[in-house]
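Trainee: The following comprises the amino acid sequence and a computationally predicted model.
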Amino acid sequence: MNILALETSCDETSASVILNGAKVKSLVISSQIKIHAKYFGVVPEVASRAHLENINPVIVETLKKSEISFSDFSKKIDAIAVTAGPGLAGALLVGIIAAKTMASIYKKPLIPVNHLEGHLYSAFIGNKSIKPPFLSLIISGGHTEIMIVEDFGKYKILGGTRDDAVGEAFDKAAKMLGLEYPGGPIIDKRAEKGNPATVNFTRPYLKGSWDFSFSGIKTALLNYLKNNSIKTEQHLNDICASFRQAIAETLCFKAFEGAKKFNLKQIVLGGGVSANSLIRSMFMQEGKKNKIKIFIPSFIYCTDNAAIIGYAAYLKQKKCGLNYNNIQLKPNPSLSLVNW
Ligand code: KG4
Ligand code: ZN
(Lines give C-alpha, C1' and ligand atoms only; values in the text may rest on other atoms or scores of the structure.)
(Ligands and ions follow the chains in the order given, each with its own letter.)
Protein backbone atom coordinates (compact mmCIF):
# COMPACT_ATOMS: atom_id res chain seq x y z
CA MET A 1 0.00 0.00 0.00
CA ASN A 2 1.69 3.20 -1.22
CA ILE A 3 0.13 6.42 0.00
CA LEU A 4 0.42 10.08 -0.97
CA ALA A 5 -0.48 12.09 2.15
CA LEU A 6 -1.33 15.77 2.53
CA GLU A 7 -1.38 17.88 5.70
CA THR A 8 -2.63 21.48 5.85
CA SER A 9 -4.40 21.72 9.22
CA CYS A 10 -2.48 24.70 10.60
CA ASP A 11 0.62 26.51 9.31
CA GLU A 12 2.58 23.77 7.57
CA THR A 13 1.80 22.75 4.00
CA SER A 14 3.15 19.25 3.69
CA ALA A 15 3.05 16.23 1.38
CA SER A 16 4.67 12.83 1.74
CA VAL A 17 4.90 9.50 -0.03
CA ILE A 18 4.84 6.43 2.24
CA LEU A 19 5.72 3.07 0.73
CA ASN A 20 4.23 -0.16 2.11
CA GLY A 21 3.17 1.66 5.25
CA ALA A 22 6.72 1.54 6.52
CA LYS A 23 9.09 3.67 4.52
CA VAL A 24 8.83 7.44 4.24
CA LYS A 25 10.07 7.79 0.68
CA SER A 26 9.75 11.57 0.60
CA LEU A 27 8.54 14.34 2.88
CA VAL A 28 8.23 18.01 1.97
CA ILE A 29 7.19 20.64 4.53
CA SER A 30 6.64 24.26 3.64
CA SER A 31 6.46 26.16 6.91
CA GLN A 32 4.64 29.48 7.29
CA ILE A 33 6.34 30.29 10.59
CA LYS A 34 8.01 33.42 9.22
CA ILE A 35 4.69 34.78 7.91
CA HIS A 36 2.90 34.33 11.24
CA ALA A 37 5.79 35.25 13.54
CA LYS A 38 4.98 38.96 13.53
CA TYR A 39 1.47 38.19 14.85
CA PHE A 40 2.82 35.79 17.56
CA GLY A 41 0.39 33.14 16.35
CA VAL A 42 -1.26 31.66 13.30
CA VAL A 43 -3.67 34.00 11.47
CA PRO A 44 -6.27 31.68 9.90
CA GLU A 45 -6.97 33.66 6.70
CA VAL A 46 -3.29 34.26 6.06
CA ALA A 47 -2.65 30.54 6.60
CA SER A 48 -5.34 29.50 4.07
CA ARG A 49 -3.90 31.78 1.40
CA ALA A 50 -0.38 30.54 1.96
CA HIS A 51 -1.59 26.92 1.74
CA LEU A 52 -3.26 27.74 -1.58
CA GLU A 53 0.03 29.06 -2.93
CA ASN A 54 2.11 26.22 -1.54
CA ILE A 55 0.04 23.08 -2.00
CA ASN A 56 0.75 22.38 -5.69
CA PRO A 57 4.52 22.99 -5.54
CA VAL A 58 4.75 20.89 -2.36
CA ILE A 59 2.92 17.95 -4.01
CA VAL A 60 5.05 18.24 -7.16
CA GLU A 61 8.25 18.31 -5.12
CA THR A 62 7.36 15.31 -2.97
CA LEU A 63 6.43 13.23 -6.03
CA LYS A 64 9.66 14.28 -7.73
CA LYS A 65 11.69 13.24 -4.68
CA SER A 66 9.96 9.85 -4.81
CA GLU A 67 10.66 9.61 -8.55
CA ILE A 68 6.96 9.43 -9.35
CA SER A 69 5.76 11.29 -12.42
CA PHE A 70 2.14 12.24 -13.07
CA SER A 71 2.05 9.65 -15.85
CA ASP A 72 2.99 6.76 -13.55
CA PHE A 73 1.12 8.10 -10.48
CA SER A 74 -1.74 5.63 -10.99
CA LYS A 75 0.64 2.69 -11.06
CA LYS A 76 2.75 3.73 -8.10
CA ILE A 77 0.25 5.23 -5.63
CA ASP A 78 -2.65 3.20 -4.19
CA ALA A 79 -4.43 5.80 -2.04
CA ILE A 80 -4.43 9.46 -1.05
CA ALA A 81 -4.60 10.45 2.62
CA VAL A 82 -5.53 13.89 3.90
CA THR A 83 -6.04 15.58 7.26
CA ALA A 84 -9.80 16.05 7.74
CA GLY A 85 -9.55 17.84 11.13
CA PRO A 86 -9.16 19.16 13.74
CA GLY A 87 -7.58 22.38 12.55
CA LEU A 88 -8.35 25.66 10.83
CA ALA A 89 -11.34 25.32 8.50
CA GLY A 90 -9.88 27.24 5.54
CA ALA A 91 -6.49 25.60 5.92
CA LEU A 92 -7.99 22.09 6.04
CA LEU A 93 -10.14 22.89 3.01
CA VAL A 94 -7.09 23.52 0.81
CA GLY A 95 -5.62 20.08 1.54
CA ILE A 96 -8.98 18.37 1.18
CA ILE A 97 -9.72 19.97 -2.20
CA ALA A 98 -6.27 19.03 -3.50
CA ALA A 99 -6.67 15.45 -2.24
CA LYS A 100 -10.20 15.12 -3.66
CA THR A 101 -9.06 16.45 -7.01
CA MET A 102 -6.19 13.98 -7.25
CA ALA A 103 -8.37 11.12 -6.00
CA SER A 104 -10.95 11.79 -8.69
CA ILE A 105 -8.44 12.33 -11.53
CA TYR A 106 -6.48 9.19 -10.72
CA LYS A 107 -9.50 7.22 -9.42
CA LYS A 108 -7.86 6.50 -6.09
CA PRO A 109 -9.47 6.00 -2.68
CA LEU A 110 -9.21 8.91 -0.29
CA ILE A 111 -8.43 8.24 3.39
CA PRO A 112 -9.51 11.01 5.80
CA VAL A 113 -7.19 11.21 8.80
CA ASN A 114 -7.70 12.79 12.20
CA HIS A 115 -4.70 15.07 12.78
CA LEU A 116 -4.44 13.84 16.38
CA GLU A 117 -4.04 10.27 15.14
CA GLY A 118 -1.13 11.51 13.05
CA HIS A 119 0.61 12.67 16.24
CA LEU A 120 -0.57 9.66 18.23
CA TYR A 121 1.15 7.11 15.99
CA SER A 122 4.11 9.24 14.90
CA ALA A 123 6.58 7.45 17.18
CA PHE A 124 5.73 4.22 15.34
CA ILE A 125 7.39 5.38 12.12
CA GLY A 126 10.52 3.27 11.81
CA ASN A 127 9.78 1.62 15.16
CA LYS A 128 8.03 -1.69 14.79
CA SER A 129 8.37 -2.67 18.46
CA ILE A 130 5.43 -0.60 19.76
CA LYS A 131 2.20 -2.53 20.14
CA PRO A 132 -0.96 -1.46 21.98
CA PRO A 133 -1.99 -1.21 24.74
CA PHE A 134 -0.11 1.92 25.75
CA LEU A 135 -0.60 5.30 27.34
CA SER A 136 -0.56 8.13 24.79
CA LEU A 137 0.33 11.72 25.57
CA ILE A 138 -0.25 14.15 22.71
CA ILE A 139 1.38 17.49 23.43
CA SER A 140 1.15 20.08 20.67
CA GLY A 141 0.33 23.70 19.96
CA GLY A 142 -3.39 22.94 19.82
CA HIS A 143 -3.80 19.88 22.03
CA THR A 144 -2.85 18.22 25.29
CA GLU A 145 -4.49 14.80 25.46
CA ILE A 146 -3.82 11.84 27.69
CA MET A 147 -5.45 8.54 26.77
CA ILE A 148 -5.24 4.79 26.84
CA VAL A 149 -4.82 3.24 23.40
CA GLU A 150 -6.25 -0.24 23.88
CA ASP A 151 -5.73 -1.16 20.25
CA PHE A 152 -5.18 0.70 16.97
CA GLY A 153 -8.22 2.98 16.72
CA LYS A 154 -9.57 2.05 20.16
CA TYR A 155 -9.22 4.92 22.61
CA LYS A 156 -10.15 5.64 26.20
CA ILE A 157 -9.58 9.37 26.72
CA LEU A 158 -8.53 10.14 30.29
CA GLY A 159 -8.12 13.91 30.17
CA GLY A 160 -7.17 17.01 28.26
CA THR A 161 -6.33 20.60 28.92
CA ARG A 162 -8.85 22.83 30.65
CA ASP A 163 -7.35 25.98 29.13
CA ASP A 164 -4.20 26.43 27.05
CA ALA A 165 -2.60 23.57 25.18
CA VAL A 166 0.94 23.01 26.40
CA GLY A 167 2.57 24.33 23.19
CA GLU A 168 0.32 27.38 23.38
CA ALA A 169 1.53 27.97 26.97
CA PHE A 170 5.16 27.86 25.74
CA ASP A 171 4.34 30.26 22.89
CA LYS A 172 2.50 32.72 25.16
CA ALA A 173 5.26 32.59 27.77
CA ALA A 174 7.81 33.37 25.06
CA LYS A 175 5.80 36.41 24.01
CA MET A 176 5.76 37.66 27.63
CA LEU A 177 9.52 37.19 27.74
CA GLY A 178 9.99 39.20 24.54
CA LEU A 179 11.02 36.12 22.55
CA GLU A 180 9.99 35.15 19.03
CA TYR A 181 7.23 32.87 17.79
CA PRO A 182 6.98 29.90 18.07
CA GLY A 183 8.30 30.13 21.58
CA GLY A 184 8.56 26.43 22.45
CA PRO A 185 11.87 25.74 20.68
CA ILE A 186 13.33 29.11 21.74
CA ILE A 187 12.50 28.60 25.43
CA ASP A 188 13.88 25.07 25.15
CA LYS A 189 17.19 26.31 23.72
CA ARG A 190 17.61 29.07 26.30
CA ALA A 191 16.57 26.72 29.13
CA GLU A 192 19.53 24.48 28.33
CA LYS A 193 21.77 27.31 29.58
CA GLY A 194 19.62 28.27 32.57
CA ASN A 195 19.12 27.29 36.20
CA PRO A 196 15.67 25.67 36.67
CA ALA A 197 15.66 26.44 40.40
CA THR A 198 15.52 30.22 39.83
CA VAL A 199 11.71 30.60 39.91
CA ASN A 200 9.60 28.07 41.74
CA PHE A 201 6.47 27.85 39.57
CA THR A 202 3.84 25.65 41.18
CA ARG A 203 3.23 22.42 39.33
CA PRO A 204 -0.45 22.17 38.28
CA TYR A 205 -0.85 18.46 39.05
CA LEU A 206 -4.66 18.69 39.51
CA LYS A 207 -4.59 15.56 41.64
CA GLY A 208 -7.70 13.41 41.31
CA SER A 209 -8.21 14.44 37.70
CA TRP A 210 -6.39 13.49 34.48
CA ASP A 211 -6.85 16.99 33.09
CA PHE A 212 -4.17 19.60 32.62
CA SER A 213 -4.23 23.35 33.19
CA PHE A 214 -1.38 25.61 32.14
CA SER A 215 -2.94 29.03 32.58
CA GLY A 216 -1.79 29.17 36.23
CA ILE A 217 1.90 28.82 35.33
CA LYS A 218 1.40 31.49 32.68
CA THR A 219 -0.13 33.89 35.21
CA ALA A 220 2.64 33.08 37.68
CA LEU A 221 5.17 34.04 35.01
CA LEU A 222 3.31 37.28 34.31
CA ASN A 223 3.32 38.14 38.02
CA TYR A 224 7.00 37.27 38.32
CA LEU A 225 7.78 39.60 35.41
CA LYS A 226 5.73 42.40 37.01
CA ASN A 227 7.86 42.16 40.14
CA ASN A 228 11.22 41.35 38.58
CA SER A 229 12.70 42.98 35.52
CA ILE A 230 14.87 40.75 33.35
CA LYS A 231 18.39 41.89 34.14
CA THR A 232 20.65 39.78 31.98
CA GLU A 233 20.63 37.13 29.26
CA GLN A 234 21.48 34.61 32.00
CA HIS A 235 18.47 35.72 34.04
CA LEU A 236 16.26 35.21 30.96
CA ASN A 237 17.72 31.74 30.45
CA ASP A 238 17.07 30.94 34.12
CA ILE A 239 13.39 31.94 33.81
CA CYS A 240 13.07 29.80 30.66
CA ALA A 241 14.65 26.84 32.48
CA SER A 242 12.28 27.27 35.46
CA PHE A 243 9.23 27.48 33.20
CA ARG A 244 10.27 24.44 31.15
CA GLN A 245 11.01 22.47 34.32
CA ALA A 246 7.52 23.09 35.74
CA ILE A 247 5.84 22.02 32.49
CA ALA A 248 8.01 18.94 32.00
CA GLU A 249 7.49 17.75 35.60
CA THR A 250 3.72 18.22 35.28
CA LEU A 251 3.50 16.22 32.05
CA CYS A 252 5.78 13.51 33.41
CA PHE A 253 3.89 13.23 36.71
CA LYS A 254 0.54 12.77 34.97
CA ALA A 255 1.77 10.34 32.33
CA PHE A 256 3.51 8.04 34.81
CA GLU A 257 0.56 8.21 37.24
CA GLY A 258 -1.65 7.13 34.35
CA ALA A 259 0.62 4.31 33.21
CA LYS A 260 0.94 2.96 36.76
CA LYS A 261 -2.75 3.26 37.59
CA PHE A 262 -3.83 1.45 34.42
CA ASN A 263 -0.90 -0.97 34.48
CA LEU A 264 0.46 0.10 31.11
CA LYS A 265 4.08 -0.72 30.40
CA GLN A 266 4.52 1.72 27.51
CA ILE A 267 4.13 5.49 27.16
CA VAL A 268 4.06 6.98 23.66
CA LEU A 269 4.55 10.71 23.13
CA GLY A 270 3.53 12.76 20.09
CA GLY A 271 3.09 16.38 18.97
CA GLY A 272 5.36 19.40 18.58
CA VAL A 273 6.17 19.69 22.29
CA SER A 274 7.59 16.16 22.31
CA ALA A 275 10.59 17.78 20.55
CA ASN A 276 11.42 19.44 23.88
CA SER A 277 14.80 18.23 25.08
CA LEU A 278 13.99 18.18 28.80
CA ILE A 279 10.66 16.41 28.26
CA ARG A 280 12.43 13.80 26.14
CA SER A 281 15.19 13.16 28.67
CA MET A 282 12.92 13.30 31.74
CA PHE A 283 10.53 10.73 30.25
CA MET A 284 13.41 8.43 29.30
CA GLN A 285 14.89 8.67 32.81
CA GLU A 286 11.57 8.09 34.58
CA GLY A 287 10.81 5.26 32.18
CA LYS A 288 14.02 3.48 33.18
CA LYS A 289 13.30 4.03 36.86
CA ASN A 290 9.72 2.73 36.59
CA LYS A 291 10.41 -0.02 34.02
CA ILE A 292 8.04 1.61 31.55
CA LYS A 293 9.12 1.76 27.90
CA ILE A 294 9.09 5.24 26.43
CA PHE A 295 8.56 5.95 22.73
CA ILE A 296 9.18 9.43 21.35
CA PRO A 297 8.94 10.42 17.67
CA SER A 298 12.08 11.39 15.76
CA PHE A 299 12.43 15.19 15.71
CA ILE A 300 11.20 15.49 12.12
CA TYR A 301 7.93 13.71 13.03
CA CYS A 302 7.17 15.76 16.18
CA THR A 303 5.78 18.90 14.57
CA ASP A 304 3.11 18.89 11.84
CA ASN A 305 3.99 17.00 8.68
CA ALA A 306 2.31 14.76 6.11
CA ALA A 307 4.36 11.61 6.83
CA ILE A 308 2.55 11.12 10.16
CA ILE A 309 -0.79 11.53 8.34
CA GLY A 310 0.24 8.93 5.74
CA TYR A 311 1.32 6.53 8.45
CA ALA A 312 -1.95 6.89 10.41
CA ALA A 313 -3.85 6.37 7.13
CA TYR A 314 -1.88 3.18 6.53
CA LEU A 315 -2.83 1.82 9.98
CA LYS A 316 -6.45 2.85 9.52
CA GLN A 317 -6.94 1.24 6.10
CA LYS A 318 -5.21 -1.91 7.35
CA LYS A 319 -7.90 -2.28 9.99
CA CYS A 320 -10.94 -0.71 8.29
CA GLY A 321 -10.29 -1.06 4.55
CA LEU A 322 -10.78 1.74 2.04
CA ASN A 323 -14.48 2.35 2.22
CA TYR A 324 -14.77 6.17 2.28
CA ASN A 325 -16.99 8.53 0.38
CA ASN A 326 -14.54 10.78 -1.46
CA ILE A 327 -17.09 13.39 -2.52
CA GLN A 328 -18.70 13.85 0.90
CA LEU A 329 -15.45 14.61 2.74
CA LYS A 330 -15.51 18.05 4.36
CA PRO A 331 -13.12 19.77 6.77
CA ASN A 332 -14.11 19.31 10.39
CA PRO A 333 -12.27 21.94 12.50
CA SER A 334 -13.35 20.31 15.77
CA LEU A 335 -13.08 16.67 14.75
CA SER A 336 -12.67 14.52 17.85
CA LEU A 337 -11.10 11.11 18.21
CA VAL A 338 -13.53 8.32 17.42
CA ASN A 339 -12.92 4.60 17.57
CA TRP A 340 -12.40 2.80 14.25
O1 KG4 B 1 2.33 19.59 16.65
P2 KG4 B 1 2.57 20.99 16.22
O3 KG4 B 1 3.49 21.23 15.06
O4 KG4 B 1 1.24 21.73 15.87
C5 KG4 B 1 -0.01 21.45 16.41
O6 KG4 B 1 -0.62 20.44 16.00
O7 KG4 B 1 -0.40 22.25 17.28
O8 KG4 B 1 3.11 21.76 17.52
C9 KG4 B 1 3.55 23.08 17.49
C10 KG4 B 1 3.88 23.48 18.91
C11 KG4 B 1 4.19 24.95 19.08
O12 KG4 B 1 3.41 25.45 20.14
C13 KG4 B 1 5.67 24.97 19.42
O14 KG4 B 1 6.05 26.04 20.26
C15 KG4 B 1 5.83 23.65 20.11
O16 KG4 B 1 5.03 22.76 19.36
N17 KG4 B 1 7.23 23.18 20.11
C18 KG4 B 1 7.96 23.05 21.24
C19 KG4 B 1 9.25 22.64 20.83
N20 KG4 B 1 9.25 22.52 19.48
C21 KG4 B 1 8.00 22.85 19.05
N22 KG4 B 1 7.65 23.26 22.54
C23 KG4 B 1 8.60 23.06 23.46
N24 KG4 B 1 9.87 22.68 23.15
C25 KG4 B 1 10.24 22.46 21.86
N26 KG4 B 1 11.48 22.08 21.57
ZN1 ZN C 1 -0.23 19.00 15.05
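Mentor: Perfect, I can see it now. Ligands and ions are numbered 1, 2, ... in the order given.

Trainee: For the closest residue to N276 other than its chain neighbours, list the residues it contacts.
Mentor: Leaving aside its sequence neighbours, N276 sits nearest to D188 (C-beta to C-beta, 6 or more residues apart in numbering; 5.2 Å). Glycine gets a C-beta too; all of them are placed from N, C-alpha and C. Contacts of D188 were listed using C-beta atoms under 8 Å, 6 or more residues apart in numbering, and they are C240, R244, A275, N276, S277, L278.

Trainee: show me what contacts the second one?
Mentor: Yep, that's R244 we're talking about. R244 makes contact with I187, D188, A191, P196, N276, L278 under the criterion C-beta under 8 Å, 6+ apart.

Trainee: from these, which is closest to L120?
Mentor: Nearest to L120 among these, counting by C-beta to C-beta, is N276 at 17.7 Å.

Trainee: Please report the distance of the closest one from ligand 1.
Mentor: Separation of N276 from ligand 1 (C-beta to the nearest ligand atom, to the nearest Å): 3 Å.

Trainee: again, but for V113
Mentor: 13 Å.

Trainee: Could you do A312 as well?
Mentor: For A312, the distance to ligand 1 - C-beta to the nearest ligand atom - is 13 Å.

Trainee: Repeat that for K289.
Mentor: Counting by C-beta to the nearest ligand atom - K289 and ligand 1 are separated by 23 Å.

Trainee: For that residue, what is the enclosing helix or strand?
Mentor: helix 277-290 (DSSP states H and E).

Trainee: do H51 as well
Mentor: Judged by DSSP H and E, H51 forms part of helix 44-65.

Trainee: continuing past that helix, what's the next helix or strand?
Mentor: Criterion used, DSSP H and E; the element after helix 44-65 is helix 73-76.

Trainee: Next, count neighbours for the closest residue to D151 other than its chain neighbours.
Mentor: Nearest residue to D151 in three dimensions, chain neighbours excluded: P132, at 4.9 Å (C-beta to C-beta, 6+ apart). Burial of P132 is recorded as 16 neighbouring residues (other C-beta atoms under 10 Å).

Trainee: Now do the contacts for T62.
Mentor: Neighbours of T62 in contact, by C-beta under 8 Å, 6+ apart: L4, A15, S16, V17, S26, L27, V28, A306.

Trainee: and the last one, what is it in contact with?
Mentor: It stands for A306. Neighbours of A306 in contact, by C-beta under 8 Å, 6+ apart: A5, L6, E7, S14, A15, S16, L27, V28, I29, T62.

Trainee: ok, back up a step: is the residue nearest to N276 located within a helix, as I assumed?
Mentor: Yes. Counting by DSSP: H, G, I helix; E, B strand; the rest coil, D188 is part of a helix.

Trainee: Which residue ranges of the stretch 101-250 of the chain form helices?
Mentor: Per DSSP state H, counting those that start in this stretch, the stretch 101-250 of the chain carries helices over the ranges 115-120, 166-176, 183-191, 215-227, 233-261.

Trainee: Would you quantify the distance from the residue nearest to N276 to I292?
Mentor: 24 Å (C-beta to C-beta, to the nearest Å).

Trainee: which of the helices of the stretch 101-250 of the chain sits most buried?
Mentor: Of all the helices of the stretch 101-250 of the chain, helix 115-120 carries the top mean neighbour count, a mean of 28, counting by mean count of other C-beta atoms under 10 Å.

Trainee: next one: that helix to chain centre, how far?
Mentor: 7 Å (C-alpha atoms, centre = their mean, to the nearest Å).

Trainee: What is that helix packed up against?
Mentor: strand 79-85, strand 134-139, strand 266-270, helix 306-320 (3 or more C-beta pairs under 8 Å, 6 or more residues apart in numbering; DSSP states H and E).

Trainee: Of the contacts of D188, which pair is most distant in space?
Mentor: Greatest spacing in the contacts of D188, by C-beta to C-beta: C240 and A275 (15.4 Å).

Trainee: what does the stretch 201-340 of the chain put close to ligand 1?
Mentor: With C-beta under 6 Å from any ligand atom as the criterion, the stretch 201-340 of the chain comes near ligand 1 at residues G271, G272, V273, A275, N276, T303, D304.
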